[in-house]
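*Asks:* sharing a sequence plus its predicted fold:
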Amino acid sequence: MTTTVLIIVIAAAVVLLGGGAALVATRSRKQLPPATTRPIEPAPDQVAPVEDVGPDGPVEVDDTPAAVDTLERPEAPQGRLVRLRARLAKSQGSLGKGLLAVLGRSTLDDAAWEEIEDTLLAADVGVTATDELVTNLRTRLRVEGITDPEQAKAALRAELVRLVDPTLDRSLSATGAEGKPGVVLVVGVNGTGKTTTVGRLARVLVAEEKSTILGAADTFRAAAADQLQTWGERVGVPTVRGPEGGDPASVGFEAVQRGIADGADVVLVDTAGRLHTKSGLMDELGKVKRVIEKQAPVTEVLLVIDATTGQNGLTQARVFGEVVDVTGIVLTKLDGTAKGGIVIAVQRELGVPVKFVGLGEGADDLAPFDADEFVDALLS
Ligand code: GDP
């Protein structure tokens, strides 16, 4: 009898323990896989997990691993501006060639200087910068007694470089302090190429072997989070996203929290860019930044501007400059405009440097900006 009871007790214990182990196994299967810290060749179970941020914290929605051999290896950022210089074709034609044609003349009378002025203004260089360039170049040619067209071109190059300002620090501020990731907030009006830019920046960071997390805080545009997730998956970078119409600040918060937990180098946060009312925008962007900064300081606020929008782009720069502390500018679609002078105008408008330029629709067509290379490309 006692033996029978003992056998029953042991059998019950075995069943209970087995069930417990099965429960633990089920739970651990449901846990999120750790994010990759080696984005080029992550383990198959570490690729691009995606989280949904619900009211009760992140909820895993898809951690289907992408095959490692489908991961792309992005091009190194150095030298991209040189590779893409021909994409400035329209600006080269109207601004670069226009200026060189006038300076190539044997005499430069008032009409010639007026032509130079008109060319600069037509390329959206802006009134003050144009005045400055014409005055400086005129003085330089007179004081140095330059009459040779080649020397005049060299003087033009030097003045243009000075206007674009090679002394500005154009590096991406993506280094966090105290073991926390750098946090880059990307802002701008929808349609400017903001989400594309975040995806391309992720590729730049992956090429530099920096582990990266994406935050899809543009919860207002249905396709934005999917679009961003796809960019991330191509290079093994996880995306933290929220429900459509959800709170962008909470997505930003969760993304940075995930970045800290994973020991990521950088968290890139895409934001919604509705310019309906300035105060709405101010509240929303301000909140996203404030909430993120409960986790870690925002190291860079990049404003994306579509170069083809001209004056409109400058107005956007002004509005965003008033609502967030913009630290760098990304000028997209510079391949589609004759108005390359916007680089100069927008820097002056905001008093912050252009850090990247978009020169095409390819995945790696985002180039770190450089004053000398840009002017050389214009005048080539
Ligand atoms: P968002 O609404 O600001 O997030 O804009 P998207 O990232 O969806 O981009 C809008 C469109 O601009 C897409 O078709 C992009 O391919 C295109 N685009 C972005 N950057 C560039 C660029 O540098 N050159 C060109 N030609 N197209 C670009």
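*Replies:* Yep, that arrived.
*Asks:* what are the ranges of the strands in the stretch 151-300 of the chain?
*Replies:* 182-187, 212-217, 239-241, 266-271, 300-306 (DSSP state E, counting those that start in this stretch).
*Asks:* the next helix or strand after the last one packs against which elements?
*Replies:* Read it as strand 300-306. Where DSSP states H and E defines the elements, the next helix or strand beyond strand 300-306 is helix 311-323. Here helix 311-323 touches helix 278-292, strand 300-306, helix 342-350, going by 3 or more CB pairs under 8 Å, 6 or more residues apart in numbering; DSSP states H and E. All C-beta spots, glycine's among them, are computed from the backbone N, C-alpha and C.
*Asks:* any weak-confidence spans in the stretch 201-350 of the chain?
*Replies:* In the predicted model, the stretch 201-350 of the chain carries pLDDT under 70 at residues 275-278, 282.
*Asks:* what residues does it have near the ligand?
*Replies:* Proximity of the stretch 201-350 of the chain to the ligand (CB under 6 Å from any ligand atom) is limited to residues 332-333, 335-336.
*Asks:* most neighbours among the residues you listed, which one?
*Replies:* residue 332 (28 neighbours; other CB atoms under 10 Å).
*Asks:* I'd guessed that residue sits against residue 195; true?
*Replies:* No: at 10.9 Å, residue 332 does not count as touching residue 195 under the criterion of CB atoms under 8 Å.
*Asks:* common neighbours of these two, please.
*Replies:* Shared contacts of residue 332 and residue 195 (CB atoms under 8 Å, 6 or more residues apart in numbering): none.
*Asks:* so residue 234 touches residue 228, yeah?
*Replies:* No: assessed by CB under 8 Å, residue 234 is found out of contact with residue 228, at 11.0 Å.
*Asks:* when the two are compared, which one has more neighbours?
*Replies:* Neighbours were tallied for residue 234 and for residue 228 using other CB under 10 Å; the higher tally belongs to residue 228 (27 against 19).
*Asks:* the residue lying closest to that one once chain neighbours are set aside: how many residues sit nearby?
*Replies:* In this structure, residue 228 finds its nearest non-sequential neighbour in residue 216, 4.7 Å apart by CB to CB, 6 or more residues apart in numbering. Residue 216 has 28 neighbouring residues, counting by other CB under 10 Å.
*Asks:* how about low-confidence regions in the stretch 51-200 of the chain?
*Replies:* 51-69.
*Asks:* write out the residues of it neighbouring the ligand.
*Replies:* 188, 190-196.
*Asks:* just the ones of those in helices?
*Replies:* 194-196 (DSSP state H).
*Asks:* neighbour-wise, which of the residues you listed leads?
*Replies:* residue 194 (28 neighbours).
*Asks:* these two touch, right, that residue and residue 218?
*Replies:* Yes: with contacts counted by CB under 8 Å, residue 194 reaches residue 218, the gap being 7.5 Å.
*Asks:* now do the shared contacts for those two.
*Replies:* 270-271, 273.
*Asks:* list the contacts for residue 184?
*Replies:* 172-174, 201, 266-269, 298-302.
*Asks:* now swap in residue 360 and tell me
*Replies:* 84, 87, 335.
*Asks:* burial count for the residue of the stretch 1-150 of the chain found nearest the ligand?
*Replies:* For the stretch 1-150 of the chain and the ligand, the shortest gap (CB to the nearest ligand atom) falls at residue 87, measuring 8.3 Å. As a burial measure, residue 87 scores 21 neighbours (other CB under 10 Å).
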